[in-house]
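Visitor: Coordinates for the following, if possible.
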Amino acid sequence: MRRALAVGVSAVVLLLGVAAPGATAADGAAGPQGPDRHSAGQTRAGQNSAGQNSAGENAAGQHSAGQNSAGQRSPGQKIADALRRSPVYVDPSLATAVDSAQQRKLVEQIRQTRLPIRVVLVPLVEGDSWGGKPEQLAEVVHDRMGGGPSILITLGNYSDDIAAREWPSGAHQAFHAAAAVFFQDDMKGAGPAGRIARAISIIKAGNGDEVYKKATAGLGSPTPGPDKAAGAGAGQRSPLIRILSLVVGPLLLVAAAGLLLRRRARLRDLSTPFALPRSVFAAAREADEAGLRERADEEVVRLGEEARAAQGDPTAVTRALDAYAAAGTVLDRARGTVDLAGVFALIAEGRAALSTAPVTLPLCFFHPLHGPAVRRIPWRPLGRREQLRVAACEACLRAVRGRRAPEVLTDRLEGRPVPYFEVPAEDSLWAATGYGSLLSGDGDSLTSRVQRGDFTRTVK
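Guide: All right, here's what the predicted structure looks like:
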């Protein structure tokens, strides 16, 4: 609501040219979300588990080391390596916000708690290595640190927000300890170092749930009206006040509605933990091959964590673990974007095994990095008589219906770029399967084809 008030007051200032003291951008941050929905990743991604073949074990070991096939450390591994030297990691871009002296104080405070607390301060933006989500940053870093009991404090989803995740979940009430700081009046303008120090103190006390409940107790209660607060003189309002009321009211309503929709969108994301976020594909399309490889590596690890933490049909969990192992095999030997797109297709197949949805379509046939398909459509390749039914995303669906050529992923054939599906099927697993669109059913899957060697056979 503070963000809504800031938006409304700023708009009034612009309209009337009246100074509005005390309304700052920092006051407009929205509060953190509710408690954790799930705590995937309690075991290390590199551990052996039932249902994995030897190729999957090798892949898991390499991913837990946080290196791609070129030997470069992933962003998560770089942070993990730094945390082994100091419990506080601050990205260079935030060095002025949390200076060296403040970092030393946090380090000393953490050591006095004798708890496995780590602080990771990294800017979070949509499309970055963590999808702009603090929970994903925490999961990856925890995995790269080797798992085990841990508390990770990061920046939150909003400008004045911090977040905390812990393993095992709820052991020190860290989630609410960090969330409570946002609502404490004396923390306004304290800066990230001050807010983190307060959160560490609450975590040490072990009463985060109680502090959070106290800090948010008055948020739902009605506040005294202006008539009661101002006495008899409140009824005598100036024309300026009446104008402000008329302008601010609708603006606040619009701002509040926007904030509500944004929060509902986040809750939808949290309620479907096995759905690959579309932001992952948006970032993947913009990334170069090295960036795409890093993103694929992060998502492979995440699938392994989700599969091991899943509770349900053992057969479905085994299928997800098999897909995880197959994705690792392809990632380790990927030659370029076409193979890396196959990694994402295998990840989607693994997550579909864990999903409760009755029918899950594969990734877009025309360009898998467009993300999940929305419908199967009839399509005839140029110059051919046979018609195929392929899964298409919304953009490609509109293009085909409008008799326009959809954007397609290209491979190289005889030294020239061609649509990947024009490569002979015997030379490309992806051309043979359309990244899942052309599978025959009856147990046929990308995972099973990788397991029987269809991918490694085509790698030259």
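Visitor: what residues does the strand or helix carrying residue 78 touch?
Guide: Here residue 78 sits within helix 75-83, counting by DSSP states H and E. For helix 75-83, the external contacting residues (Cβ atoms under 8 Å, 6 or more residues apart in numbering) are 65-67, 73, 89, 118, 120, 122, 129, 137, 140-141, 143-145, 294, 298. C-beta coordinates here come from the backbone N, C-alpha and C atoms, glycine included.
Visitor: immediately after it, which helix or strand?
Guide: Next along from helix 75-83, by DSSP H and E: strand 88-90.
Visitor: ok, residues contacting stretch 369-382?
Guide: The set of residues external to stretch 369-382 that reach it, using Cβ under 8 Å, 6+ apart, is 276, 278, 281, 284-285, 341, 344, 348, 361-365, 386-397, 400-401, 407, 409, 421-422, 437.
Visitor: Can you point out the buried residues in it?
Guide: 369-373, 376-377, 379 (16 or more other Cβ atoms under 10 Å).
Visitor: Please apply the same query to stretch 332-352.
Guide: 332, 334, 337-352.
Visitor: Of these, which belong to strands?
Guide: Among those, no residue falls in strands (DSSP state E).
Visitor: From those residues, which land in helices?
Guide: 332, 337-352 (DSSP state H).
Visitor: Could you give me the PyMOL syntax to select whichever of the contacts of helix 75-83 are buried?
Guide: Here is the PyMOL selection string for the buried members of those, based on 16+ other Cβ under 10 Å:
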select buried, resi 66+73+89+118+120+122+129+137+140+141+143+144+145+294+298
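Visitor: Which of the contacts of helix 75-83 fall within helices?
Guide: The members of the contacts of helix 75-83 that map onto helices under DSSP H are 137, 140-141, 143-144, 294, 298.
Visitor: With respect to residue 415, which of those is nearest?
Guide: residue 294 (28.2 Å; Cβ to Cβ).
Visitor: burial count for the closest residue to the closest one other than its chain neighbours?
Guide: Excluding its sequence neighbours, the residue lying closest to residue 294 (Cβ to Cβ, 6 or more residues apart in numbering) is residue 74, at 5.3 Å. The number of residues packed near residue 74 is 22, by other Cβ atoms under 10 Å.
Visitor: same deal with residue 393?
Guide: 26.
Visitor: OK, contacts around it?
Guide: Taking Cβ under 8 Å, 6+ apart as the contact definition, residue 393 lies against 364, 366-367, 370-374.
Visitor: buried sites along the strand or helix carrying residue 398?
Guide: Per DSSP H and E, residue 398 falls inside helix 394-401. Within helix 394-401, the residues that count as buried by 16+ other Cβ under 10 Å are 395-397, 399-400.
Visitor: List of residues touching that helix?
Guide: 364-367, 370, 374-375, 377, 379, 392, 405-407.
Visitor: please redo it, this time with the cut-off set to 7 Å
Guide: 364, 366, 370, 374-375, 377, 379, 392, 405-406 (Cβ atoms under 7 Å, 6 or more residues apart in numbering).
Visitor: How about stretch 410-420?
Guide: Counting by Cβ under 7 Å, 6+ apart, 338, 408-409, 422-423, 428, 430-431 sit against stretch 410-420.
Visitor: biggest separation within those residues, which pair?
Guide: Across the contacts of stretch 410-420, the longest distance by Cβ to Cβ is 13.9 Å; it joins 408 and 428.
Visitor: who's more crowded, those two?
Guide: Set residue 408 next to residue 428 and count neighbours by other Cβ under 10 Å: residue 428 wins out with 21 against 17.
Visitor: thought the more buried one was touching residue 455?
Guide: No. Under the criterion of Cβ atoms under 7 Å, residue 428 is not in contact with residue 455, lying 9.3 Å apart.
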